[in-house]
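[1] need a 3D model of the following:
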Amino acid sequence: MKKLIILAIGLAMACNSSQTTVSDGDKNAVAKPTSTPEPFAETITESELKEHLYTYASDEYEGRETGKPGQKKAVEYLKAQYEKMGIPAAQADGNYFQTVPLQVSQLPAGSLSIDGKEYPLGEDFLTFSKAEGTFDNIIYVGYGIEEGDYSDYKDIDVKDKVILVKSGEPIAANGNYLLSGSSEKSIWSNMSESLGKRLELATSKGAKGILYYDETNFARFKSRFEWMKTNESGRMELAKDDSEEFFNFLIDAKLAKAILPSIVSDNKPKSLAKKLIVDVKSENDDIESENVVAILKGSEKPNEYLVISSHLDHIGITADGEINNGADDDGSGTVALLEIAQAFKKAADAGQGPKRSIVFLHVTGEEKGLLGSQYYTDVDPIYPLENTVANLNIDMIGRIDPERDGDRNYIYLIGSDKLSTDLHELSEEVNDKYTNIELDYTYNDENDPNRFYYRSDHYNFAKNNIPIIFYFNGTHADYHKPGDTPDKINYDLLENRTRLVFYTAWEVANRNKRLVVDKAAE
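    Below is the predicted model of the structure:
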């Protein structure tokens, strides 16, 4: 199903007659071959966005919670729209649905013991998954870092062992951070990124589990653990094979010092003669959900791919029965992606198809932890990541941030300059040329406490060194509440912002050279 469908313009218009149409002037402009994107951008209209959204964010869809009946209705709606547009499915078998196997791990119960002293789960250590085993020793690997010439794993074998790791990073005798060589901390001091890097490194070394001492963040995760106990809420994640036995425990100072009393000052890796018994049990419920993926094949560079994404899910129904419609989050991004796809299809039907292939990716499970995009990037990329030139991710673009001062015709851009100077400059030039929206980089700041860069689906592409832009209007009083309804969307802004994404995608897909990644992530 990688075949590009080319239809005569008259036939295309007939096939699309069941959709909301644009004016006769717009139709004539699309029918006329052109080398400029404006006529196709003009097919992105307030009226069509509104029509889609009043359906997609209606009560009928029950808040689109991952794996629930409303989410199943949502993916059927998206599939039907791509079929009407004549844009084929991305998968070779012609299926628009990329199955994403998920499981809900119920909050586990149990304990661990060190040399016979028992520590109950939820007090001095935390985990959200089951784990069992008996180990005669624990390998201390200091900060658990390996970068350049520095390695905490040097001359230490951790295969089939449990390792003890502490947060932070080494400091040189002059007070500078060893890895950066300056007073600036490195990525290893950022929990949002460093824990994942430590886990990946530990598994690559063959470790069976990690005891991670992070006194700063332990209380935050303990609060989450207690909330889950009270709410009887399980944790959704990508389904794992039974063979995947690596476990991750977050431990407090009491337990860390019971294992190694000098852990705060001692950075030297060593084997510790401590008998560890782990007995943590949990039940898992299997859930099946779907990404919806369609593609327009490129005319000149079909094996290079631009992915445009939005998440199709929301948070469902409250305990007292109110529906969280998610019109802005992320109904706005979803309908924007449909309109962008339609504009590119009209261009292709007019003989102006993109040079590179464009993948339209609606991901599930974003609200559960970026799971659909994680599955696409980490488990089953339909198209090779090394051939993916960029990801433009749309998540909440229909409202106005009440905390923001300035012109209402704005959009927050996040990540455009993180990996590719080319992409950032192209984005600025496109806006200057076509839309003149105020591009606000407030949340692009490395020190942004909201950490939005890590909180939507683009991040799973960025971590793979794929340049990204995250388009975002900011939060508001209705964020993750029943008040996020279609009547509160600013459809003129939604139109403008959607056109900006389209124009940017047009330039990325049609430029002669692939975007250069000149700021590769660690």
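
[2] do a quick rundown of the helices in this protein.
    9-15, 24-31, 38-41, 46-56, 69-85, 191-204, 215-231, 253-259, 333-349, 371-374, 421-430, 458-462, 491-510 (DSSP state H).

[3] for Glu118, which non-adjacent residue is spatially closest?
    Of all residues not flanking Glu118 in the chain, Ser111 sits nearest, at 5.1 Å (Cβ to Cβ, 6 or more residues apart in numbering). To be clear about C-beta, it is placed using only N, CA and C from the backbone, and glycine gets the same treatment.

[4] residue contacts, that neighbour?
    With contact taken as Cβ atoms under 8 Å, 6 or more residues apart in numbering, Ser111 is in contact with 118-121, 279-280.

[5] would you mind measuring the gap between the ends of stretch 455-466?
    With Cα to Cα, to the nearest Å as the measure, stretch 455-466 spans 16 Å from end to end.

[6] pLDDT on it, on average?
    Across stretch 455-466, the average pLDDT comes to 97.

[7] next one: stretch 125-138
    Across stretch 125-138, the average pLDDT comes to 93.

[8] please report the distance of the residue nearest to Glu118 from Asn284.
    To Asn284, Ser111 is 20 Å away according to Cβ to Cβ, to the nearest Å.

[9] ditto for Lys205
    On the measure of Cβ to Cβ, Lys205 and Asn284 end up 27 Å apart.

[10] same deal with Asn465?
    Distance from Asn465 to Asn284, by Cβ to Cβ: 32 Å.

[11] and the closest residue to Met85 other than its chain neighbours, what's its pLDDT?
    Spatial nearest neighbour of Met85, excluding adjacent residues (Cβ to Cβ, 6+ apart): Lys345 at 5.1 Å. Looking at Lys345, its pLDDT reads 98.

[12] and the residue nearest to the spatial centre of the chain, what does it touch?
    Centroid-nearest residue in the chain: Asp457, 1.8 Å away (criterion: Cα atoms, centre = their mean). Contact analysis of Asp457 by Cβ under 8 Å, 6+ apart lists 309-311, 363, 366, 370, 372-373, 393, 395.

[13] mind doing that once more with 10 Å?
    Asp457 sits next to 307, 309-311, 330, 333, 361, 363, 365-366, 370-374, 376-377, 391, 393-395, 468, 470 when contact means Cβ atoms under 10 Å, 6 or more residues apart in numbering.

[14] check Val363 too.
    Neighbours of Val363 in contact, by Cβ under 10 Å, 6+ apart: 98, 100, 289-293, 309-313, 330, 370-377, 393, 456-457, 460.

[15] ChimeraX command for the buried members of the contacts of Ser111?
    Buried residues among the contacts of Ser111 (16 or more other Cβ atoms under 10 Å), as a ChimeraX selection:
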select :119,121,279,280
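
[16] CSV for the contacts of Ser111, including pLDDT?
    Shown next, in CSV, are these (pLDDT from 0 to 100):
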residue, pLDDT
Glu118, 97
Tyr119, 97
Pro120, 96
Leu121, 97
Asp279, 96
Val280, 95
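
[17] now, which of the contacts of Ser111 sits nearest Tyr150?
    Tyr119 (31.8 Å; Cβ to Cβ).

[18] in the sheet, who's paired with that closest one?
    Beta-bridge partners for Tyr119, by DSSP bridges, are Leu112.

[19] I'd say it and Phe125 touch.
    Yes. Counting by Cβ atoms under 10 Å, Tyr119 does reach Phe125; the two are 6.0 Å apart.

[20] shared neighbours, these two?
    Between them, Tyr119 and Phe125 share the contacting residues 111-112, 249, 251-252, 254-255, judged by Cβ under 10 Å, 6+ apart.

[21] just the buried members of those residues?
    Buried, going by 16+ other Cβ under 10 Å: 111-112, 249, 251-252, 255, out of the shared contacts of Tyr119 and Phe125.

[22] before we move on, the earlier item: strands - which of the contacts of Asp457 land there?
    Among these, the ones falling in strands (DSSP state E) are 307, 309-311, 361, 363, 391, 393-394, 468, 470.

[23] quick check: ChimeraX command selecting the buried ones in those.
    Filtering the ones in strands among the contacts of Asp457 down to the buried ones (16+ other Cβ under 10 Å) takes a single ChimeraX command:
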select :307,309,310,311,361,363,391,393,394,468,470
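
[24] which of the ones in strands among the contacts of Asp457 sits closest to Pro37?
    Of all the ones in strands among the contacts of Asp457, Pro37 sits closest to Ile394, with 17.6 Å by Cβ to Cβ.

[25] check contacts around the closest one.
    The contact partners of Ile394, taken as Cβ under 10 Å, 6+ apart, are 308-311, 330, 332-337, 340, 456-458, 469-472, 497-498, 501.

[26] now with 7 Å?
    Contacts here follow Cβ atoms under 7 Å, 6 or more residues apart in numbering; on that basis Ile394 touches 310, 333, 336-337, 471, 501.

[27] now Ser113
    Ser113 neighbours (Cβ under 7 Å, 6+ apart): 119, 277.

[28] ok, now with 10 Å
    Here Ser113 is in contact with 119, 134, 275-279 (Cβ under 10 Å, 6+ apart).

[29] who wins on neighbours among these?
    Among the contacts of Ser113, Val278 has the most neighbours (other Cβ atoms under 10 Å), with 23 neighbours.

[30] surely it touches Glu118?
    No. If you go by Cβ under 10 Å, Val278 and Glu118 don't touch, sitting 11.3 Å apart.

[31] quick check: neighbours shared by these two?
    With Cβ under 10 Å, 6+ apart as the test, Val278 and Glu118 both reach 111-112.

[32] on that earlier part again, distance to Ala350 added to the contacts of Ser111, as JSON lines?
    Converted to JSON lines, the contacts of Ser111 look like this (distance: Cβ to Cβ, whole Å):
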{"residue": "Glu118", "distance to Ala350": "71"}
{"residue": "Tyr119", "distance to Ala350": "67"}
{"residue": "Pro120", "distance to Ala350": "67"}
{"residue": "Leu121", "distance to Ala350": "61"}
{"residue": "Asp279", "distance to Ala350": "65"}
{"residue": "Val280", "distance to Ala350": "60"}
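
[33] out of the contacts of Ser111, who's nearest Glu83?
    Val280 (46.5 Å).

[34] show me what contacts the residue nearest to the closest one when sequence neighbours are not counted?
    Excluding the flanking residues, the one nearest Val280 by Cβ to Cβ, 6+ apart is Gly110, at 3.7 Å. Gly110 makes contact with 120-122, 127, 130-132, 278-282 under the criterion Cβ under 10 Å, 6+ apart.

[35] need the max-distance pair from those.
    The most widely separated members of the contacts of Gly110, counting by Cβ to Cβ, are Gly122 and Glu132 (17.1 Å).

[36] of these two, which one has the most company?
    Shown here are Gly122 and Glu132; by other Cβ under 10 Å, Gly122 has more neighbours (18 against 12).

[37] what distance do you get for the more buried one to Ser282?
    13 Å.

[38] overlap in contacts, those two.
    107-110.
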